[in-house]
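> Sequence first, then the predicted structure:
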Amino acid sequence: MHTKVFQFLIVTALWMSSVSFVYAADFNITPAGGTIEAGREVIVNLKIDSAGESINAAQAKIRFSPAILEIKEISRDGSIFNFWLNEPVFSNEEGSLEFIGGTPNGVSGTSLQVIRITFLTKGEGAGTIDFVDATIASADETGSSVLEEAKGASFKVIVPGPAAIPLPEVAVAVPPPVQITRTSAPAISLPVEPEVSVSLYPQPDRWYSFKAPFNVQLNITPDISGVSTALNRNPNFEAPRVSEGLFDSKTFPAIEDDGVYYLHFRFQNNRGWGSTSHYRIAVDTQPPLPFSVDVITGKLSDNPSPQLSFRTGDALSGIERYVITFNNEGQILTENAEYTTPPHPPGKYQIRVKAIDNAGNGIEGQAQIEILPIDPPVVTFVTDKVVRDTEDSILTVRGTSLPDASVVILIEDKNDLLVVQNEVKANSVGQWLFQFDRVLQSGDYFLTAQTKDSRGALSLPTDSRKVTVKNKPLIALFGFDVMTLDLLVLSVVLGAAIAGYFWRTIIFHRVKTQMGAVVVSRDLKNSLGLVKNEIAKFSTTMGKKISEEEKHAEYGIFLDKMKEDLDKIEKYIARDIEEME
């Protein structure tokens, strides 16, 4: 019990401090009004319509007219809340009532019982019951308020006259049927069974989770002169042969207690009373019984597919389905009370199972589990540099892992986008090899590996290994890779020019003075050094991680520089030759 109280205090604190609101649920007082004699009792029920949301706590402060109404008794029988942070307390002097209640299991439904209040009427006038403050807390981890509207009630209290007709304990404004005045057509046989439709409960084979006054429509043929009706729990009851008049519509008060009821109708004509028709109305406003979620495979395990058991029952309508959620994943629907989940990666998970009965009421059970990782693989070798369209174009990865396990290889680009996912099988001693020969774009990639066993259990990923993919070079110049045709042409032209000048220098060496040869040789050596330096700088720049636009810009700068250097070489060599001549 202490654990439950602690859980509720946590939920309450979250809900009362939350700044996030999702409006869905309503507080309702039923009946919402009516007329009643002074000195009589009127019983109202405080209910919640959760609008499909699972809730587990609520609080309210209520004001009522102390001159007209006073509280005689408050009952928590049938309440969805099984413990109370603040018990329901009231003051007839101030006309106030307040409470805070909760449950460790999230519940949902359209007519969830909170408390039943018995008022004693006194005086004469309007007796109002209004909410001045209210909150309904969601059963999720946020505990956010889901209250959308809190609807009060108003009763007209009258002083009974000498010939007053006694009113029921629960006064509801249900108008009498509107009588039809006509001359009925003569009939040749007894009336057929009445055909009826009920707008609030349109399908007699279904269960419903709400209570309210409801209207019944009758198909009256011209020969009908009288109608007899009844509402009880007997499916074979015969409506009395006493006419209530002639009408084609009648409103019935709200059903008080959950269960299966039957409407009975019989028609009268000039030949007599026909047979009775029966219309089933089934109401279940209570959620299924509380239950726990048992993890058969253990709440702390490396089994990636937890096996769950969550059987519960429902006293009236029965369980229709279970809804399972794993953290914030999509919902899983099942009619069975056991379920084995698909494989999940290692991590902590919040499991929520919602049992829903055939009337749509729900209750939740929860469990927290942790799926442990298995042993990761060991990567012993990775081809860290891959050159496209060469014998070095195959990416090879090898390592060791658990024997006969699979190894999942993941390759992502620099933007963390997955470009390769593949599996290889380890042999009986745990050795594995992965080779990838698909063409990848040039750039840097990052490789990780995970172990995966026959159950689908995964390890944590290994540390990433960098793999660089390069294009095949066109030619190697001065120890550098020339990657484009433009650079190849430039290199050939530059080499031819240098070779020509060098050849001319050799000829002049043969016919000119030794001093002139030394000068020409010096200038030629300097020129060649200048060209080599420029090529080395360019190759260094192109080896950096730059965009294609930046590459084109560097190409242009390099070509301009080469042209400038060639002009200088031509000028200096020409001057030396002229001086030698």
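Nice, thanks for sending it over.

> So, low pLDDT: which residues of the stretch 1-150 of the chain?
The model of the stretch 1-150 of the chain has pLDDT under 70 over residues 1-23.

> how about residue 552, secondary structure?
helix (DSSP: H, G, I helix; E, B strand; the rest coil).

> Count the neighbours of it for me.
12 (other C-beta atoms under 10 Å). C-betas here are computed from N, CA, C, even on glycine.

> Tell me which residue lies nearest the centroid of this structure.
For the chain, residue 328 is the residue whose C-alpha lies nearest the centre (C-alpha atoms, centre = their mean; 4.8 Å).

> and it, how far is that from residue 140?
10 Å (C-beta to C-beta, to the nearest Å).

> again, but for residue 60
From residue 60 over to residue 140 (counting by C-beta to C-beta), the distance is 21 Å.

> next one: residue 261
Taking C-beta to C-beta, one finds residue 261 at 36 Å from residue 140.

> Then residue 215?
38 Å.

> more neighbours, the two?
residue 140 (21 against 14).

> Would you agree the more buried one is in contact with residue 55?
No: look at residue 140 against residue 55 with C-beta atoms under 8 Å: they stay out of range, at 9.7 Å.

> anything in contact with each of the two?
Common neighbours of residue 140 and residue 55, counting by C-beta atoms under 8 Å, 6 or more residues apart in numbering, are residue 106.

> tell me how far stretch 41-54 is from the chain's mean position?
Centre-to-centre, stretch 41-54 and its host chain are 27 Å apart (C-alpha atoms, centre = their mean, to the nearest Å).

> Next: stretch 381-393.
On C-alpha atoms, centre = their mean, the centre of stretch 381-393 falls 44 Å from that of its chain.

> Any idea how far apart the tips of it sit?
16 Å (C-alpha to C-alpha, to the nearest Å).

> So that it lines up with my notes, have the first residue be 36 from now on.
Taking 36 as the first residue, the last one we looked at is stretch 416-428.

> List the contacts of it.
So stretch 416-428 is contacted by 429-434, 472, 474-475, 477, 482, 500-507 (C-beta under 8 Å, 6+ apart).

> Can you say which of the residues you listed are buried?
430, 432, 433, 434, 475, 482, 500, 502, 504, 505 (16 or more other C-beta atoms under 10 Å).

> Take those residues and keep only those in strands.
Counting by DSSP state E, these place 430, 432, 433, 434, 482, 500, 502, 504, 505 in strands.

> Tell me the one among the residues you listed nearest to residue 109.
Residue 109 has its nearest neighbour among these in residue 482, at 67.9 Å by C-beta to C-beta.

> For the host helix or strand of residue 152, name the packing helices and strands.
Using DSSP states H and E, residue 152 sits in strand 147-156. In terms of contacts (3 or more C-beta pairs under 8 Å, 6 or more residues apart in numbering; DSSP states H and E), strand 147-156 is packed against strand 76-84, strand 90-99, strand 104-110, strand 131-143.

> between the ones you listed, which gets nearest to residue 571?
Of these, nearest to residue 571 by C-beta to C-beta is strand 131-143, at 71.4 Å.

> So what are the sheet partners of the closest one and their directions?
Partners of strand 131-143 in the sheet, by DSSP bridges, are strand 90-99 (antiparallel), strand 118-126 (antiparallel), strand 397-406 (antiparallel).

> Tell me which of the ones you listed is the most buried.
strand 90-99 (a mean of 23; mean count of other C-beta atoms under 10 Å).

> pull the CA atoms of it into PDB?
As requested, the backbone C-alpha atoms of strand 90-99 are provided in PDB (Å, rounded to 0.1, in the frame of the first residue of the first chain):
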ATOM      1  CA  ILE A  90      -6.500   8.800 -16.300                       C
ATOM      2  CA  ASN A  91      -5.400   7.900 -12.700                       C
ATOM      3  CA  ALA A  92      -6.200  10.900 -10.500                       C
ATOM      4  CA  ALA A  93      -8.600  13.800 -10.100                       C
ATOM      5  CA  GLN A  94      -9.500  16.600  -7.700                       C
ATOM      6  CA  ALA A  95     -12.400  18.900  -7.400                       C
ATOM      7  CA  LYS A  96     -13.800  21.700  -5.300                       C
ATOM      8  CA  ILE A  97     -17.600  22.000  -5.500                       C
ATOM      9  CA  ARG A  98     -20.000  24.700  -4.300                       C
ATOM     10  CA  PHE A  99     -23.800  24.100  -3.800                       C
END
